[in-house]
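Enquirer: Fold the following and give me the result.
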Amino acid sequence: MRKLQQMIITGAVFGGVALSGMGAARAGGMSADESLKDLMSGNVSFQRSETLAKRRAAVAQSQAPQAIIVSCSDSRVPPEAVFNRYVGRLFIVRTAGHALGDYEMASIEYAVEHLHTPLLIVLGHERCGAIKATVDALTAGGGGGGAHGDDHGAPAGKHHRAEVTSASNPGACAGKHGGHGDAHDDAHEAPAPKTKAAPEASKAAPPAAAHGAGHDHIGALVENLKKPVKLALDDKPKDPVDAAVHENVLWAADRLVKESGVIREAVANGTLKIVPAYYDLDTGAVEVLE
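Expert: Numbering: from 1, shown residues only. As a prediction, the model looks like this:
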């Protein structure tokens, strides 16, 4: 009986569902208090798993993850469950639309330089809400530049896969600083000296968010994703969102190499491999984008 109970607990945790099917079915209608109670109950199950307890003990003092997963924050795409690899296995960086900024780059660089993680997967997914919002913003507003519209390290044309592969040649992507002496080289150069007008400019009202008043940061997210989405839309695809998801995965993989000396050097030295991938929400399958 004890063995059966352990199998149920372990199966629930490894299946990505901390509690019963009933809990999952009513999750959308939970209050905050009900959700907290549900999560804490799931944590008890997690603690009681003998299998996971052994794994926790093995990695409690240090970590050596086998892969970095850069993925969307979408609740339907939990990397641990998608790859069936849990405690201590994956170093995960998640944002809506797997948008990349300084903090995300720094997190990835930490795993590459200090944890020596050999594989980095950029994981996009079907029906991505962040990408759809960007597609809607561009098709409604006609595109345009914006704060980051056309100056975010855009490659000429749509050859992301070739450019990521070419990074294995040290001369192919050598930036001004080379190597990893400056983690924020090339695309993160020091700003120009401030002029007398700068203080006044800083008081200017921020641009209106793409989704109306009150959405203070969604506009910034759309700006971050605008370039790859526009590249996809230029081809007038039958399914604009799906095409933009694919383009955004390749774009992000390319940006990682272009904008980080740490990552670029690791790829050139053969100590890091970057793999663009796509997750199918319906089947659960991950497709490597060659």
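Enquirer: now the strands for the stretch 151-290 of the chain?
Expert: Per DSSP state E, counting those that start in this stretch, the stretch 151-290 of the chain carries strands over the ranges 273-279, 286-288.
Enquirer: Format those as a markdown table; extra columns: mean pLDDT and distance to residue 226.
Expert: C-betas here are computed from N, CA, C, even on glycine. Supplementary listing: the strands of the stretch 151-290 of the chain in a markdown table, determined by pLDDT from 0 to 100; distance: least, Cβ to Cβ, whole Å:
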| stretch | mean pLDDT | distance to residue 226 |
| --- | --- | --- |
| strand 273-279 | 98 | 19 |
| strand 286-288 | 98 | 25 |
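Enquirer: Just put those strands in TSV and tack on mean neighbour count and distance to residue 91.
Expert: Converted to TSV, the strands of the stretch 151-290 of the chain look like this (neighbours: other Cβ atoms under 10 Å; distance: least, Cβ to Cβ, whole Å):
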stretch	mean neighbour count	distance to residue 91
strand 273-279	20	14
strand 286-288	13	17
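Enquirer: Adding distance to residue 221, write those out as TSV.
Expert: Rendered in TSV, the data for the strands of the stretch 151-290 of the chain read as follows (distance: least, Cβ to Cβ, whole Å):
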stretch	distance to residue 221
strand 273-279	20
strand 286-288	24
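Enquirer: For the stretch 1-150 of the chain, which segments count as helices?
Expert: With DSSP state H, counting those that start in this stretch as the definition, the stretch 1-150 of the chain shows helices at residue ranges 2-14, 21-25, 32-48, 50-59, 79-82, 102-113, 129-141.
Enquirer: Which one, of the ones you listed, ends up nearest to residue 221?
Expert: In terms of Cβ to Cβ, the element of those nearest to residue 221 is helix 129-141, at 6.2 Å.
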